[in-house]
Structures are given as structure tokens and as C-alpha cells.
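Novice: Structure of the sequence below:
(one chain, ligands or ions: 1)
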Amino acid sequence: MRVPIVAANWKMHKTVSEAEAYLKRLVELVGEKPPVELVVFPSFTAIPMAGRLLSGTPIAWGAQNAHPEHQGAFTGEVSVAQVADLGARFLICGHSERRHLFGESDAFVGAKVRAALGHGLVPILCVGETLDERRAGRAWAVVERQLAAALAGVALADGRNLVIAYEPVWAIGTGVPARPEDAQAMAGRIRAWLQQAFGKVAEGIRIQYGGSVKPGNAREFLALPDIDGALVGGASLDPDEFWAIARAA
Ligand code: PGA
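Specialist: Numbering: from 1, shown residues only. This next block holds a predicted model:
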């Protein structure tokens, strides 16, 4: 039985005091035993505060990005090791904004996934096609390439140590989500691919849908057989909206 995982990707939003007010409210809403696993991804600047405020609560946290090298001359970067040192449990790897705005390659995303696993973090590996790729009938080919590159050489002892987020690029931040049947079709193919790659362990890997998830449509996605949660951007910036989405699971 896979426990659904609902995650808030705040992207480049919130000062430390705004983040603190949000998290206090979320802790209040969530109580002690939420029915789903909840994860928040603040900006780096708010992570130490989030770590303190969320310790002892059921809400986990992680980083939106990190550099795979342990340390070195990478001005402006924060390493996976540094994020792990703060007590993070999750790391978003290969978000489409990283791939498309910052030119991250499949190979670089793979290096992050391996670094995350090596430091005991759970990667949330984002995959997804652009609108042109979908229209050209290449959606699965793109997603398969992203999976193969990011997971090459990865050995998984426990499926709970990896999360895949299927996020069609054209659905992110646009207010136009995928059709549930298309999200399910893709998640099913991802599941089959994971079974080929990891065997029985794949049963424990959660697959999230991401892209314009809102309180009003969350249930449609979270009820799909191969979708085990959501990665939420815009609608996660308000704690009440985020909690409404989580409760839909
Ligand atoms: P969105 O973003 O919910 O604002 O579409 C999703 C994401 O980028 O993970």
C-alpha cells in the first residue's frame, strides 16, 4: 500500500518571516496524524527555520534543488551534502524549470538523483514532455529518455526511497492541467517502466502528478490508480489551499 505524498514547491517565493507564518498555520491545520505524507520545499534561505519549526511534526521538508558535487568551486551553488546536513529528507531533481530555464541536462539530473540517494535523501524526480513533444506523439519517448538517464545505475533497496513526479511542461503554472486520463496513461507507462527497471521494489515507488493542481481538481488526479500524490506549485503558496489539496488524497 503506497501512502500518498503531496508536496508544496514554493519556487522562488516567501521571505523567512512569510515562510514561518505559513508553516505555523500548516502545522495547526495538519494536526498529528495526517492521512498523507506532506512535504514542503522552501527556498534555501528559509530551510533552517523550516527544519526547526517542523521538527517533531508530521510535515517533512526538502530542497528544490542542489548541486551533486560534494563541495568545490561552484559559486552560488548549494550541494546535496549541505542540504542533507540540515536534515532535509527530500530533494526535487530535474524540475522542468531547472531543465528549461537553467539548461540542466538529463545526465546532470541523474547525477543529482544519485547524490541525493547517496546522502540518504529521497529524490522527487520530475519528468514530463513539452506541448510540441506531446503534439508530435513523442511524450512517452521523452519521459522514457528522462527516466532512463536519471535512473541509470541506480540500485533501490526500498521503493519508498524514490518518488517520480509526472509534470507535463505545458501544464505547469498555466492553469491548464492534463486530462486525468492522459495523466493516468502516462503514470501507468512510468509504473511499467519502473517495474522493468527495479522489479518488485517498484511497487513502493510513488508517482505524483504535477501541473496546475488546485483544490478543485486534486481529487480527480489523486483518485487515479497509478497516481500517488501531487507536486503543487502555485496553489501550494497558501497553507489552507495546500491542505485542501492534501485532504483530497
Ligand atoms: P503549478 O506548478 O502547480 O503552479 O502548475 C507545479 C510545479 O511546478 O511543480
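Novice: and the residue of this structure nearest the ligand?
Specialist: Going by C-beta to the nearest ligand atom, the ligand is nearest to Gly233 of the chain, at 2.3 Å. Any C-beta I mention is one placed from the backbone N, CA and C, and that applies to glycine too.
Novice: got the buried residues for the lengthiest helix in the chain?
Specialist: Criterion DSSP state H: the longest helix present in the chain is helix 180-198. Neighbour counts over helix 180-198 (16 or more other C-beta atoms under 10 Å) mark 180, 183-187, 189-191, 193-194, 197-198 as buried.
Novice: part of a helix, is Ala8?
Specialist: No. Ala8: not assigned to a helix; according to DSSP: H, G, I helix; E, B strand; the rest coil it is strand.
Novice: and it, what does it touch?
Specialist: The neighbours of Ala8, taking C-beta atoms under 8 Å, 6 or more residues apart in numbering as the test, are Leu38, Val39, Val40, Phe41, Val232, Ser236, Leu237, Phe242.
Novice: Now with 10 Å, please.
Specialist: Contact analysis of Ala8 by C-beta atoms under 10 Å, 6 or more residues apart in numbering lists 22, 26, 38-42, 59, 61, 230-233, 235-239, 241-243, 245-246.
Novice: center of the protein, which residue is that?
Specialist: The centre of the chain sits closest to Ile124, judged by C-alpha atoms, centre = their mean, with a distance of 4.1 Å.
Novice: I'd say Gln64 and Thr45 touch.
Specialist: No. The pair Gln64 and Thr45 fails to qualify as a contact (C-beta atoms under 10 Å) at a distance of 11.6 Å.
Novice: Between these two, which is the more surrounded one?
Specialist: Taking other C-beta atoms under 10 Å, Gln64 and Thr45 do not tie; Gln64 has more neighbours (22 against 11).
Novice: pLDDT wise, what is the more buried one at?
Specialist: pLDDT for Gln64: 98.
Novice: all numbers from here: first residue = 39
Specialist: In the new numbering, first residue 39, that becomes Gln102.
Novice: What does it show for phi and psi?
Specialist: phi -80, psi -20 (degrees, to the nearest 10).
Novice: What of Pro206?
Specialist: phi -60, psi 130.
Novice: re earlier: I'd say the residue of the chain closest to the ligand and Ile283 touch.
Specialist: No. Contact between Gly271 and Ile283 fails when scored by C-beta under 10 Å: they sit 11.2 Å apart.
Novice: Counting neighbours around each, name which of these two comes out higher.
Specialist: Set side by side, Gly271 and Ile283 show more neighbours around Ile283, with 25 against 22, by other C-beta under 10 Å.
Novice: Three-state assignment for that one, please.
Specialist: Reduced to three states with three-state DSSP, the structure at Ile283 is helix.
Novice: In contact with it, which residues?
Specialist: 44, 46, 74, 251-257, 259-260, 267-268, 270, 273-274.
Novice: among those, which are in strands?
Specialist: With strands taken from DSSP state E, the overlap with the contacts of Ile283 comprises Val44, Ala46, Gly267, Ala268, Val270.
Novice: What distance do you get for the residue lying farthest from the centre of the chain to Glu142?
Specialist: The centre of the chain is farthest from one residue, Ala111, which by C-alpha atoms, centre = their mean lies 27.6 Å away. Separation of Ala111 from Glu142 (C-beta to C-beta, to the nearest Å): 19 Å.
Novice: Name the nearest residue to Leu269, sequence neighbours excluded.
Specialist: Distance criterion C-beta to C-beta, 6 or more residues apart in numbering; nearest residue to Leu269, sequence neighbours excluded, is Gly248 at 3.5 Å.
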